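**Student:** I need the structure of the sequence given here:
(one chain, ligands or ions: 1)
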Amino acid sequence: MTTAQTLSEAATSRFVCIEEGDLALQLHYNDCGAGAETLVMLHGSGPGASGWANFNRNVEPMVAAGYRVILMDCPGWSKSDPIVCTGSRSDLNARALKGLLDAIGIDRAHLIGNSMGGHSAVAFALANPERVGKLVLMGGGTGGASPFAPMPTEGIKLLQGLYREPTIDNLKKMMNVFVYDTGDLTEELFQTRLDNMLSRRDHLENFVESLAANPKQFPDFGLRLAEIKAQTLIVWGSNDRFVPMDTGLRLLAGLPNAELHVFNRCGHWAQWEHADRFNRLVLDFLRH
Ligand SMILES: O=C(O)/C=C/C(=O)/C=C/C=C(\O)C(=O)O
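**Tutor:** Predicted coordinates:
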């Protein structure tokens with residue numbers, strides 16, 4: 001069997017049941033490769049997002065470097081169970097990740113978080129510091145507002161509008177702001193993303209309901225960043241129109257053991273837009 005076959009979404013697709021309060025939640029995740037060290041990749045909050053959709057350009061190089069890679073679909077996304085979040089979604093995702101790691105017997109992992117995934121990785125590190133190796137935060141992490149850009153940003157407004165009216169035109173409007181170079185956005189990618197979205201209208205409706213119940217789904221961790229001792233690589237796109245790069249500077253100032261890498265000509269999806277360079281950057285960071 002070729003690497004591509006063993007590393008397909010279908011071949012690595014797994015489910016686990018966790019407890020969230022009095023809820024029994026089924027989580028979907030992809031379990032890729034094998035190794036002494038585990039990398040968990042946490043996706044962003046866009047409609048139709050999933051671990052695989054966010055990180056499919058990053059899995060193979062990490063597996064080839066000898067890591068076990070876990071892509072968790074957060075509650076409320078993709079093939080994981082639906083949920084309405086009236087509190088902190090960052091902390092909900094962090095509890096779900098703890099439940100997943102406990103269920104599959106992983107004591108400690110490096111975390112790679114994209115946007116909401118970055119906020120969730122910080123929440124997990126604050127609640128479970130002993131279980132975190134290194135942190136990679138892309139386009140997210142503080143959960144807080146930009147002190148400079150009008151909030152909500154144009155990208156977040158398009159994202160929320162897409163949840164309310166999930167059409168191909170609204171998806172294209174969001175994705176065209178999402179990345180810097182739209183040349184890679186193929187009709188196939190749009191269609192796959194639209195199919196993912198429309199296959200789980202419960203997730204779309206629940207996200208809108210969650211926002212109505214608590215517009216601040218991602219609390220600002222700015223005042224607690226000093227508690228995080230994990231070595232952290234912060235990665236941002238200079239042209240990020242969803243979560244502005246200046247919030248990355250807040251992370252750099254607040255985290256005691258962090259460094260920042262900015263990709264020029266890059267939007268909100270650094271790990272996808274500059275995948276090869278991103279993968280080399282992360283592998284070098286993890287090794288040293
Ligand atoms: O509002 C925030 O702070 C976070 C926004 C996101 O997490 C947006 C991310 C979107 C994706 O990753 C996507 O694939 O649509």
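**Student:** Pairing partners for the longest strand along the chain, with directions?
**Tutor:** Ordering each strand of the chain by length in residues (DSSP state E) puts strand 23-32 first. With DSSP bridges as the criterion, the sheet partners recorded for strand 23-32 are strand 13-20 (antiparallel), strand 67-72 (antiparallel).
**Student:** Once you drop chain neighbours, what's closest to residue 252?
**Tutor:** Closest residue to residue 252 in three dimensions, ignoring its sequence neighbours and counting by C-beta to C-beta, 6 or more residues apart in numbering: residue 260, at 4.7 Å. Any C-beta I mention is one placed from the backbone N, CA and C, and that applies to glycine too.
**Student:** Please apply the same query to residue 136.
**Tutor:** Sequence neighbours aside, residue 112 is the residue nearest to residue 136 in space, at 4.3 Å (criterion: C-beta to C-beta, 6+ apart).
**Student:** where's the one you found relative to residue 187, distance?
**Tutor:** Using C-beta to C-beta, to the nearest Å, residue 112 is found at 29 Å from residue 187.
**Student:** and what of residue 176?
**Tutor:** Taking C-beta to C-beta as the criterion, residue 176 is separated from residue 187 by 13 Å.
**Student:** Please identify which of those two sits among more neighbours.
**Tutor:** More neighbours surround residue 176 than the other of residue 176 and residue 187, with 12 against 9 (other C-beta atoms under 10 Å).
**Student:** Can you name the residues that contact the more buried one?
**Tutor:** Contacts of residue 176 were listed using C-beta atoms under 8 Å, 6 or more residues apart in numbering, and they are 182, 185.
**Student:** Could you check how far the residue sitting nearest the centre point of the chain is from the ligand?
**Tutor:** Centre of the chain computed as the mean C-alpha position; nearest residue by C-alpha atoms, centre = their mean is residue 43, 2.3 Å away. Note on residue 43: its distance to the ligand, by C-beta to the nearest ligand atom, to the nearest Å, is 6 Å.
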